[in-house]
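Student: coords below, sequence missing:
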C-alpha cells in the first residue's frame, strides 16, 4: 500500500517516487527539468497526477526543491526557473491536489536521520556540499520546524571564516543571495574553483582539483584551504547545535577521503580538550530527497505547510 509520494526537483531532473508504509520505494518516474517556468509547473502537475494514479487514490505528496519560499509564497533560488514565482501555489492550482514544500537539504536530513546514515542518533545534522551549501537538523526523529524567518538550514549563507580568508589573502566574494562573504562562495563547487583561480591563477573544476591535490603542491594548498573553510563552518554549527553525527551529501561529499579530512580539520579547530561529532556519508543516494519530501508531507497531513 502506498502511503506517500515525494518529488525531488533538481536543476537537471525532477523525480517522483512512491513509498509504502515501510518507506520502501515502490515506483519512480524521472523527467528532465524544464527550462521555463510554465513548462516546469506543467511537468510537476503531471508528476502529481502520475503519483495519484499509481497510488490508486489520494496520498500526501511532498515537493523537495532547492531554495526558500518568501512569506508571500514567492520562490527564492538560483538553480531553477522559479525565482519570484509562486511555485507552490501555482502547482497546487494546476494539479488540483495539496502539496507540501520542503527544502531539499532538509528533506535529505529527515530521510538520512531515520533510514540512512543518521539512524540511531538523537541529533542528526545533514550538510549538502554541492553547487550550493545547505542542510537540516533532525532531533528525536523529527525535523526541526521552520521558525519565523524560514531560513533555518541555510548554512552556506553563514559568514565564511575571516581568519582563513585573511590568512590566504582572499577577498569577500559576492553571493547569489545578494550578500558578501557567505561561506558557500568558497565551500560550494564553484567556490572551490574560485579558490584555485585566486591561489594558483588556474581555471579548474573541483574534479580537476581533486585529481591533482596529491601530486601538485599548489593544488594541495587549494585543497587545504577548502578544508579549513569547511571545517570552520562545521565548528560554528557544532558549537550551536552539538549534533551526534554530521551526514554529508552532495557532489563534493563524494571526494575520496573527505570525511577523514574534515574530521581532522574540525578536531584541529575545536576548543582544545573537547570532542567532535562523527562525520559520515549519506547512504540514501537518489532516494533521500524524495523520501524526505514524502515523509514531510505525511507528517504535515498532506497540507501545503512549509516544512
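Tutor: Structure's in. What do you need? Note that the structure is predicted; figures quoted are calculated from it, not measured. Numbers count the residues shown, from 1 in each chain.
Student: Does residue 159 touch residue 185 like I think?
Tutor: No. In this structure residue 159 lies outside contact range of residue 185 using Cβ atoms under 8 Å: 10.2 Å. For every residue, glycine as well, the C-beta is placed using N, CA and C.
Student: More neighbours: these two, which one.
Tutor: residue 185 (27 against 15; other Cβ atoms under 10 Å).
Student: Tell me which helix or strand the more buried one sits in.
Tutor: helix 184-187 (DSSP states H and E).
Student: Pull the residues that contact that helix.
Tutor: 129, 132-133, 156-157, 160, 165, 170, 172-175, 191-192, 194-195, 225-226, 229-230, 233 (Cβ atoms under 8 Å, 6 or more residues apart in numbering).
Student: Which of those fall in strands?
Tutor: For the contacts of helix 184-187, membership in strands holds for 129, 133, with DSSP state E as the criterion.
Student: hmm, which of the contacts of helix 184-187 are the buried ones?
Tutor: The neighbour-count test (16 or more other Cβ atoms under 10 Å) marks 129, 132-133, 156-157, 160, 165, 170, 173, 175, 191-192, 194-195, 225-226, 229-230, 233 as buried among these.
Student: Which ones among these lie within helices?
Tutor: The helices, defined by DSSP state H, take in 165, 191, 192, 194, 195, 225, 226, 229, 230, 233 from the buried ones among the contacts of helix 184-187.
Student: Just give me the residue closest to the centre of this structure.
Tutor: The C-alpha lying nearest the average C-alpha coordinate of the chain belongs to residue 105 (Cα atoms, centre = their mean; 3.0 Å).
Student: That one: what's it in contact with?
Tutor: For residue 105, the contacting residues are 66, 126, 128, 134, 135, 136, 153, 249, by Cβ under 8 Å, 6+ apart.
Student: tell me which element it is part of?
Tutor: With DSSP H and E as criterion, residue 105 is part of helix 104-115.
Student: chain center to that helix: distance?
Tutor: Centroid separation for helix 104-115 versus its chain: 9 Å, with Cα atoms, centre = their mean, to the nearest Å.
Student: do stretch 48-63 as well
Tutor: Worked out by Cα atoms, centre = their mean, stretch 48-63 lies 24 Å from the chain centre.
Student: And for stretch 35-48?
Tutor: With Cα atoms, centre = their mean as the basis, stretch 35-48 stands 22 Å off its chain's centre.
Student: repeat for stretch 88-97
Tutor: Computed by Cα atoms, centre = their mean, the separation of stretch 88-97 from the middle of its chain amounts to 24 Å.
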